[in-house]
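**Q** Sequence first, then the predicted structure, then my questions.
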Amino acid sequence: MNGEIEIDIQADEIDLWAEKSRDGDRNAFGKLYDRYMPPIYRFVYYRVYNKGLAEDLTSQTFLKAVENIASYDRKKGKFSSWLYRIARNLVIDYYRSRKKTVELDETWDIPSDIDIEDDVHRKDMAERLKVLMRILSGEQREIVVMRLWQELPYNEIAGILGKTEAGCKMMFSRAIAKLRDEADFLAVVILFLVTGMTG
């Protein structure tokens with residue numbers, strides 16, 4: 001019960017910071033930045049697998065947010081969902097700028113030019129994941145990444161994608177079932193070991 005009260009208080013604080021930011025309070029926006037910069041960075045990083053690019057797109061996300069804060073309406077959804085949608089659109093725009101004709105499905109592949117640490121094991125793991133994730137549709141990949149890598153709750157994913165929570169749960173379940181049906185067991189185990197989650 002106490003956990004629920006803490007979540008409510010935090011949500012109220014975030015709403016208050018967002019409202020103050022709309023009124024031009026830079027300090028309030030700074031608090032939103034401090035709260036959301038790490039998860040937004042991870043959200044972007046797991047889509048581009050390049051530290052420098054992830055930092056740049058994360059900065060662009062907050063720049064766009066501060067420029068467009070007046071358009072945020074909490075009646076239409078949570079601030080975090082609004083912010084994640086900005087980040088998501090920037091990632092899509094980035095891939096589209098690199099390739100004139102790009103399908104949404106392709107924007108969620110783990111790129112082959114991975115720029116993590118110079119770690120052969122992690123690169124090999126990323127290549128295996130890339131093959132594994134290609135089994136899924138773009139939307140399924142997106143939900144798997146948000147649920148497993150970002151550990152976002154279903155209501156948050158629903159807000160980002162503009163879908164119902166029940167629809168997101170069903171899509172995630174179908175994606176995992178598809179992986180289990182079409183991929184070898186070892187590949188699925190690798191996916192869950194890397195993410196550190198079991199479902």
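**A** Right, received. Where do you want to start?
**Q** CA atoms for contacts and neighbours, from now on please.
**A** Noted.
**Q** Okay, now the unreliable bits of the chain?
**A** 1-9, 99-130, 183-199 (pLDDT under 70).
**Q** Could you pick out the longest helix of it?
**A** helix 26-48 (DSSP state H).
**Q** List of residues touching that helix?
**A** Applying C-alpha atoms under 8 Å, 6 or more residues apart in numbering, the contact partners of helix 26-48 are 14, 17-18, 20-21, 51, 53-55, 57-58, 62, 66, 80, 84, 87-88, 91, 107-111, 145-146, 149-150.
**Q** Sort out which residues of that helix are buried, please.
**A** For helix 26-48, a neighbour-count test (16 or more other C-alpha atoms under 10 Å) marks 28-29, 31-33, 37, 39-48 as buried.
**Q** Just give me the closest of those residues to Ala70.
**A** For those, the minimum distance to Ala70 (C-alpha to C-alpha) is 12.2 Å, reached by Phe29.
**Q** center of the protein - which residue?
**A** The residue lying closest to the centre of the chain (C-alpha atoms, centre = their mean) is Phe43, at 3.6 Å.
**Q** Tell me, how many residues neighbour Val66?
**A** 17 (other C-alpha atoms under 10 Å).
**Q** part of a helix, is it?
**A** Yes - assignment of Val66 by DSSP: H, G, I helix; E, B strand; the rest coil places it within a helix.
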